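1. Let me see the structure of the following:
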Amino acid sequence: MSRLRIGVLTGGGDCPGLNAVIRAVVLSAHGGLGWEVLGVQDGFDGLLHDRARALGREDVRGILTLGGTILGTSNRGNPFAWPVVRNGRTEVVDASGEVIERIRALALDALIVIGGDGTLRIGERLSQMGAPIVGIPKTIDNDISATDITFGFDTARVTATEAIDKLHSTAESHHRVMVVETMGRNAGWIALESGIAGGANSVLIPEIPYRLEVVVETIEARATRGRPFSIVVVAEGAHPVGGTQVYREPGGPGRLPRLGGIGQQVADALAEATGRETRCTVLGHLQRGGTPTPFDRLLATRFGVRAVECVAAGRLGTMVALRGPSVIDVPLADAVAEPKRVPPDGELVRAARELGISMGDVAGPADPAAGLL
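-> Predicted coordinates:
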């Protein structure tokens, strides 16, 4: 096989495991095949502003366990909606043609795009324009279709679960209601899985609009059973029946609005309705940082190797994915066709309900022993 030159970039929000996948791409492409690898800095912004550097084995030494990304990233770098300042005013332009030109100018045989839903959608559109793209799914939100799980999610799930574990002791000591707000945008995977793993009493997710009175009923029912404290996990995209999501920041040119604040809103409402001391903990970017779990390191490594294999086989316009025990590749168009949400009637939600965890939509189980954690 001829010597190829490939690029790799990380886009969107950072998450644990990004450095592991960069390392796998470099080692398998450079060390195993003798290819040249260019690292594009700060996502698509690096392509538009000519920020790329060669990556060799020495550049990825010791980064397997590091959080973040050595290449930098940006969640405001959509070339199809690129903000530019002209005559003192911000305008949004389509700079995708410039990205294609930069890929050609760098003589890239393939560009490996590591990102979440937004970044992969950009990659798919560039692929339709003729760019040689291979996608790798990463996001703590776990909302990418066509893959069983994304790397970064497990570490975020562990971080959230450990936080819930720690809050149990202070909640029980002070007889408090502790509200924990997790990330996840419009998907409730982090909230639901950490809530189950951490023994939460109520879990509110975007896929199941909640009724505050149901959460109040759960808290009061626990108190009558001698458990005068509760843990309520709230996904940042959760909202009440007939209500809307809460945003911390509005959107702007080239960027989406930022969710956040629902945890405090729920805490304030519960304090007023129950008269109980209530506290809110927003985990925020803690879920994005830190050392990736062994699961995420392994998955990221497998994804990176498979992406290089796709390039070698000429399988461009694809995304690598985990299906059962195997890492495969799927068409990018299929991967971004629709987001992956928590099925309201799925096995995880059923398990939560049978454990006595309230999802905020219906009254809890009649069994007085349920939800005693």
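
2. what are the ranges of the helices in the stretch 1-150 of the chain?
-> Assigned by DSSP state H, counting those that start in this stretch, the stretch 1-150 of the chain shows helices spanning 18-26, 32-33, 44-48, 96-105, 117-128.

3. nope, the stretch 251-373 of the chain is what I meant
-> In the stretch 251-373 of the chain, the helices defined using DSSP H, counting those that start in this stretch lie at 262-274, 294-312, 332-335, 347-354.

4. what angle separates the second one from helix 18-26?
-> Going back to what we said before, that points to helix 294-312. Taking axes from the mean of the first three to the mean of the last three C-alpha atoms, to 10 degrees, one finds that helix 294-312 is oriented at 30 degrees with respect to helix 18-26.

5. buried sites along helix 294-312?
-> For helix 294-312, the buried set under the neighbour-count rule, 16 or more other C-beta atoms under 10 Å, comprises 295-297, 299-312. Where you see a C-beta, it was placed from the backbone N, CA and C, and this is true even at glycine.

6. Using CSV, write out every CA atom in stretch 320-329.
-> Backbone C-alpha positions of stretch 320-329 (Å, rounded to 0.1, in the frame of the first residue of the first chain) are rendered in CSV as follows:
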residue,chain,number,x,y,z
VAL,A,320,-16.9,3.4,13.4
ALA,A,321,-19.4,1.9,15.9
LEU,A,322,-19.7,-0.6,18.6
ARG,A,323,-22.3,-3.3,17.9
GLY,A,324,-22.4,-6.0,20.5
PRO,A,325,-18.8,-7.2,21.0
SER,A,326,-17.6,-5.9,17.7
VAL,A,327,-16.4,-2.6,16.3
ILE,A,328,-17.7,-2.1,12.8
ASP,A,329,-18.2,0.8,10.4
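
7. for that stretch, what is the average pLDDT?
-> Computed over stretch 320-329, the mean pLDDT rounds to 96.

8. which secondary element of the chain has the worst mean pLDDT?
-> When the helices and strands of the chain are compared on mean pLDDT, DSSP states H and E, helix 32-33 comes out lowest with a mean of 82.

9. Off-centre distance for it?
-> 31 Å (C-alpha atoms, centre = their mean, to the nearest Å).

10. what helices or strands is it leaning on?
-> Contact here means 3 or more C-beta pairs under 8 Å, 6 or more residues apart in numbering; DSSP states H and E; on that basis helix 32-33 packs against helix 294-312.

11. Give me the helices and strands touching the helix it packs on, please.
-> Using 3+ C-beta pairs under 8 Å, 6+ apart, the elements in contact with helix 294-312 are helix 18-26, helix 32-33, strand 110-115, strand 133-137, helix 153-174, strand 318-323, strand 326-331.

12. Now the phi/psi pair for the residue lying farthest from the centre of the chain, please.
-> With distances taken from the mean C-alpha point of the chain and given as C-alpha atoms, centre = their mean, the most distant residue is residue 224, at 38.0 Å. According to degrees, to the nearest 10, the main-chain angles of residue 224 amount to phi -70, psi -20.

13. how close does it get to residue 217?
-> 11 Å (C-beta to C-beta, to the nearest Å).

14. mind listing what residue 305 touches?
-> By C-beta atoms under 8 Å, 6 or more residues apart in numbering, residue 305 lies in contact with 24, 25, 28.

15. By neighbour count, which of these wins?
-> Using other C-beta atoms under 10 Å as the contact criterion, the top neighbour count among the contacts of residue 305 goes to residue 25, which has 30 neighbours.

16. For residue 323, see how far away that residue is.
-> Distance of residue 25 to residue 323, computed by C-beta to C-beta: 21 Å.

17. now residue 284
-> Where residue 323 is concerned, residue 284 sits at a distance of 32 Å (C-beta to C-beta).

18. okay, those two: which has more neighbours?
-> Here residue 284 and residue 323 are set side by side on neighbour count (other C-beta under 10 Å), and the busier one is residue 284, at 15 against 11.

19. what's near enough to touch the more buried one?
-> With contacts defined as C-beta under 8 Å, 6+ apart, the neighbours of residue 284 are 181, 183, 260.

20. Do I have it right that the first one meets residue 236?
-> Put plainly, it is residue 181. Yes. With contact defined as C-beta atoms under 8 Å, residue 181 and residue 236 form a contacting pair (5.9 Å).

21. anything in contact with each of the two?
-> With contacts defined as C-beta under 8 Å, 6+ apart, the residues shared by residue 181 and residue 236 are 260, 262, 263.

22. The nearest residue to the first one once chain neighbours are set aside: how many residues sit nearby?
-> Counting by C-beta to C-beta, 6 or more residues apart in numbering, the nearest residue to residue 260 once its immediate chain neighbours are dropped is residue 248, at 3.5 Å. Residue 248 sits with 13 neighbouring residues when counted by other C-beta under 10 Å.
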